[in-house]
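**Q** dropping a prediction and its sequence here:
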Amino acid sequence: MSRETSYARMLEASAKLQRNVAVILEAKASEAEKVRSWLCNHVTPDAYQEHQAHLKDTLGVHEQLIEVIDGLSKLNQGMANVLKAALRHDQEESSGFGNFDFGEKTE
């Protein structure tokens, strides 16, 4: 398999991965809206006897959100690295002299 074919397959896989991530994020957004609505209606200071319990539950929700954001950031970084590798390859080809050989001809 040639190097160009490998890069093309790598970019194709990256595009498929990005499409799947988009579908997952759409589902997560819908789920997050439901959770937000539930939290706003049920996780109120009146629902807790102690302030500490209320604080503990809300911090737990925030920790989960931070984990999701961290995971998305790592996924995004990985996809960016794939694109950087492909762009570096493309720049190397365009900055060179192509298939021209400027050396001396040997016969």
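**A** Here it is on my side, so go on.

**Q** what's the helix or strand for Leu59?
**A** helix 51-95 (DSSP states H and E).

**Q** return the list of helices and strands in contact with that helix.
**A** Judged by 3 or more CB pairs under 8 Å, 6 or more residues apart in numbering; DSSP states H and E, the packing partners of helix 51-95 are helix 3-42. Where C-beta positions appear, they are placed from N, C-alpha and C, glycine not excepted.

**Q** now the angle from the helix it packs on to helix 51-95?
**A** 160 degrees (axes from the mean of the first three to the mean of the last three CA atoms, to 10 degrees).

**Q** pLDDT on helix 3-42, on average?
**A** What helix 3-42 shows for mean pLDDT is 87.

**Q** before we move on, what about stretch 68-86?
**A** 86.

**Q** got the buried residues for that stretch?
**A** Neighbour counts over stretch 68-86 (16 or more other CB atoms under 10 Å) mark Val82, Ala86 as buried.
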